[in-house]
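Trainee: Model the structure of this input:
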Amino acid sequence: MRLFLLLLTSTLFAQVPSQDSRNTNIPNTDTHFTMPVYKTRAEWEARAAKLRKQILFAAGLEPMPARSPLTPQIFGRIENKDYSIEKVLLQTLPGYYLGGNLYRPVGRSGKLPGVLTPHGHWTYGRLEHQTLCSVPARAISLARQGYVVFSYDMVGYNDTVQTPHAFGNPREQLWGFGPLGLQLWNSMRSIDFLQSLPDVDPEKIAMTGESGGGTQTFLATAVDNRIRYSVPVNMISAIMQGGSPCENAPGLRLGTSNLEIGAMMAPRPMLMIAATGDWTRNTPKEEYPALRSIYELYDRTADLEMVQIDAPHNYNQQSREAMYRFFGKRVLGARDDRSFVERNIKPEPLQNMLALHGRALPENALKYEQLLDQWITAASRQSEETTDPRVVRERLSLALASEWPAKVLSERSGDRIVLSRQGKGDRVPGVWLEASKQAALVVDPDGAEAARQIPEVQDMIRRRDSVLTIDAFQTGSAIAARDRSVKHFLAFNQTDDACRAQDILTALAFLKQSGYANIHLLGVGKAALWTLFAAAVSETPVRLETNLKGLTGSDSDFLDGFFVPGIQRAGGVRVARSLLR
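Mentor: Numbering: from 1, shown residues only. Now for the predicted structure:
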């Protein structure tokens, strides 16, 4: 047994990395990702539930905003022989308006399936009409086939003009306010709108979009099960995760990629449309098998289909007709593909399609700063109304992207120690002075050696307390080059401050697994905030000693001393303090 333990210890020591992977492995939108292997449906569903919360929090939608009245305005009807088009304005948040067009069949009765169709980053948005992509052609064709179709704007396009398309400065990121969240919320409210229409079957909602609209499609299907059928086009890729801020909120893809997010549609029917001339060129041999592995867990592989079009990035007629056939078979129950060949359409003049052409926004429409203020006020109110410590602790953990390590590996040389979470590749150097069964963890912004020299620590050493000091991420001997210039760094990587909070949790977990309880945690200077939030989400009791005098929990406190996107949305200092009472 002793030999076994020695071998086991040696194996664990060998796994402590020589470099911190957080500095050497910087995932970004152009990283080549692979799909993790899930052996059971239960394992996958646990992962999917966790990812759903991660997506919603990154979008600023955890908790969900209140579903205020949509006050839909439907007007400017254009009627053709077999379809009609109307202009639409929806109030998806108080004072915030989403524009779109509603396409309906003419001469049909009863409850019809509804289709959401977001658009990609085309010049004319939802009104783009050219060979590579025609949003009106797909909407008209779907209406002719018997669907009620809502074609709506990306933020900052066409009629949806109260924000630019790309926005989200550091302060706004603290509150989870950005284009991805607004677009995802608009999609969810668009489902509310379709389901409210008397001619729509609320149990038959489908969604399809291309490029950035493809991202909107698989994000919406990941978090909203009301979408029963989907066709994301040219966007579920292992080699490109999305190039726009509207596809890359901070924290969205920490430890994941579009492969897993796209797979969250399972086991609902989905058609993946790919192109040979863009980043979905490998779909038949890579992305499709990856998603199929999840459908296999449900024994529903027949509900995932794939087609690849020999074309550049597109939603061209060939791609659209593949979508018509899929929806026709799955939604309408049709057996004859010949009825799903696209006929010629007559595009309407742009001014006849725009809801705000010659028309002002409603009087209560908010300007950008007012919309942000409203978002912050609503988020603060929701935080104050949430009192369940399990819920608020989970939200803080989502903001920090923190975890309580199941196993902490360690490597010692004299009083030097290096800690690492098993399988994570991180590296936390420190000084470990082991003595009595009373332990303290001390964190100084200048690192372990600086912490060792402060008077409080010297007193602990003289009292023969066990003392652990660490070089939290990018402090002391842990300072190393980290490339923060990669595309959409924050969507894929924790901030330095979030990594520091994680290192403190790792050190606390090490002390707990070493047999220490009721650990004394001391944060010095700027490390005060690091230790506050680590203590708030810790799974072992700690006695926190830190100087938070003058800390009000303002945005500037976080911008200057603890930058973590979403931390204010999660409740900030007030919530962290409440968890330590």
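
Trainee: Leaving out chain neighbours, which residue sits closest to residue 486?
Mentor: Nearest non-adjacent residue to residue 486, counting by CB to CB, 6 or more residues apart in numbering: residue 28, 3.8 Å away. C-beta coordinates here come from the backbone N, C-alpha and C atoms, glycine included.

Trainee: Contacts only, for residue 199.
Mentor: Under the criterion of CB atoms under 8 Å, 6 or more residues apart in numbering, the neighbours of residue 199 are 104, 108, 110-112, 148.

Trainee: per-residue confidence at it?
Mentor: We note a pLDDT of 98 for residue 199 in this prediction.

Trainee: do the same with residue 276
Mentor: pLDDT for residue 276: 98.

Trainee: Which strand or helix spans the closest residue to it other than its chain neighbours?
Mentor: Counting by CB to CB, 6+ apart, residue 276 lies nearest to residue 310, which is 4.9 Å off, once chain neighbours are set aside. Using DSSP states H and E, residue 310 sits in strand 304-312.

Trainee: Flag every buried residue along the following helix or strand past that strand.
Mentor: As assigned by DSSP H and E, the chain's next helix or strand after strand 304-312 is helix 317-330. For helix 317-330, burial by neighbour count (16 or more other CB atoms under 10 Å) applies to 317, 319-330.

Trainee: orientation of helix 317-330 relative to strand 304-312 in degrees?
Mentor: Using axes from the mean of the first three to the mean of the last three CA atoms, to 10 degrees, the inter-axis angle of helix 317-330 relative to strand 304-312 is 170 degrees.

Trainee: List the buried residues for the helix or strand just after helix 317-330?
Mentor: Downstream of helix 317-330, the next assigned helix or strand under DSSP H and E is helix 350-353. Residues residue 353 are the ones in helix 350-353 that count as buried (16+ other CB under 10 Å).

Trainee: and if you look at stretch 52-63?
Mentor: Buried, per 16+ other CB under 10 Å, within stretch 52-63: 52, 54-63.

Trainee: quick one: residue 419 and residue 471, what's the gap?
Mentor: According to CB to CB, to the nearest Å, residue 419 and residue 471 sit 10 Å apart.

Trainee: Could you tell me which residues touch both of the two?
Mentor: Residues touching both residue 419 and residue 471 (CB under 8 Å, 6+ apart): 428, 430.

Trainee: ok, the two, which is more surrounded?
Mentor: residue 471 (26 against 23; other CB atoms under 10 Å).

Trainee: Just give the closest residue to that one, not the sequence neighbours.
Mentor: Closest residue to residue 471 apart from its sequence neighbours, by CB to CB, 6+ apart: residue 478 at 3.9 Å.

Trainee: what's the answer for residue 81, then?
Mentor: Leaving aside its chain neighbours, residue 81 sits nearest to residue 106 (6.9 Å; criterion: CB to CB, 6+ apart).

Trainee: Could you measure from that neighbour over to residue 140?
Mentor: Distance from residue 106 to residue 140, by CB to CB: 11 Å.

Trainee: on that earlier part again, and the furthest pair within the buried residues of helix 317-330?
Mentor: In the buried residues of helix 317-330, two members sit farther apart than any others by CB to CB. They are 317 and 330, at 20.3 Å.

Trainee: what about residue 106 and residue 140, which has more around it?
Mentor: Shown here are residue 106 and residue 140; by other CB under 10 Å, residue 140 has more neighbours (25 against 12).

Trainee: Following the chain past the helix or strand that residue 418 is a member of, name the next helix or strand.
Mentor: Per DSSP H and E: residue 418 is located in strand 416-421. Proceeding N to C from strand 416-421, the next assigned helix or strand is strand 428-433, under DSSP H and E.

Trainee: and that next one, what does it pack onto?
Mentor: Contact here means 3 or more CB pairs under 8 Å, 6 or more residues apart in numbering; DSSP states H and E; on that basis strand 428-433 packs against strand 416-421, helix 448-453, strand 466-470, helix 496-513.

Trainee: Including mean pLDDT, could these go into JSON lines?
Mentor: Shown next, in JSON lines, are the helices and strands packed on strand 428-433 (pLDDT from 0 to 100):
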{"stretch": "strand 416-421", "mean pLDDT": "98"}
{"stretch": "helix 448-453", "mean pLDDT": "97"}
{"stretch": "strand 466-470", "mean pLDDT": "98"}
{"stretch": "helix 496-513", "mean pLDDT": "98"}
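
Trainee: Between the ones you listed, which shows the greatest average number of neighbours?
Mentor: strand 466-470 (a mean of 27; mean count of other CB atoms under 10 Å).

Trainee: Any stretches of the protein with poor pLDDT?
Mentor: Across the chain, the ranges flagged by pLDDT under 70 are 1-14.

Trainee: what does the domain assignment say about it?
Mentor: The chain resolves into domains spanning 21-30+389-578, 44-380 when parsed by automatic domain parsing.

Trainee: now for those, which one comes closest to residue 36?
Mentor: Shortest distance between residue 36 and those, using CB to CB, is found for domain 44-380: 7.2 Å.

Trainee: what about that closest one, how long is it end to end?
Mentor: One end of domain 44-380 to the other measures 33 Å (CA to CA, to the nearest Å).

Trainee: Could you do stretch 68-76 as well?
Mentor: 25 Å.

Trainee: Likewise for stretch 460-467?
Mentor: For stretch 460-467, the end-to-end distance is 7 Å (CA to CA).

Trainee: Can you classify residue 481 as helix, strand or coil?
Mentor: Assigned with DSSP: H, G, I helix; E, B strand; the rest coil, residue 481 falls in the coil class.

Trainee: how about it, phi and psi?
Mentor: Here is the backbone geometry of residue 481 (degrees, to the nearest 10): phi -70, psi 140.

Trainee: Count the neighbours of it for me.
Mentor: Neighbour count of residue 481, defined by other CB under 10 Å: 7.

Trainee: Run through the residues that contact it.
Mentor: residue 23.

Trainee: from now on call the first residue 143
Mentor: Sure, I'll start counting at 143 from here, so that last one is residue 623.

Trainee: about what we covered before: measure how buried the residue nearest to residue 418 is and give me the count.
Mentor: With other CB under 10 Å as criterion, residue 452 counts 8.

Trainee: for residue 579, same thing?
Mentor: 11.

Trainee: wait, residue 294 sits on residue 277?
Mentor: No - assessed by CB atoms under 8 Å, residue 294 is found out of contact with residue 277, at 10.3 Å.
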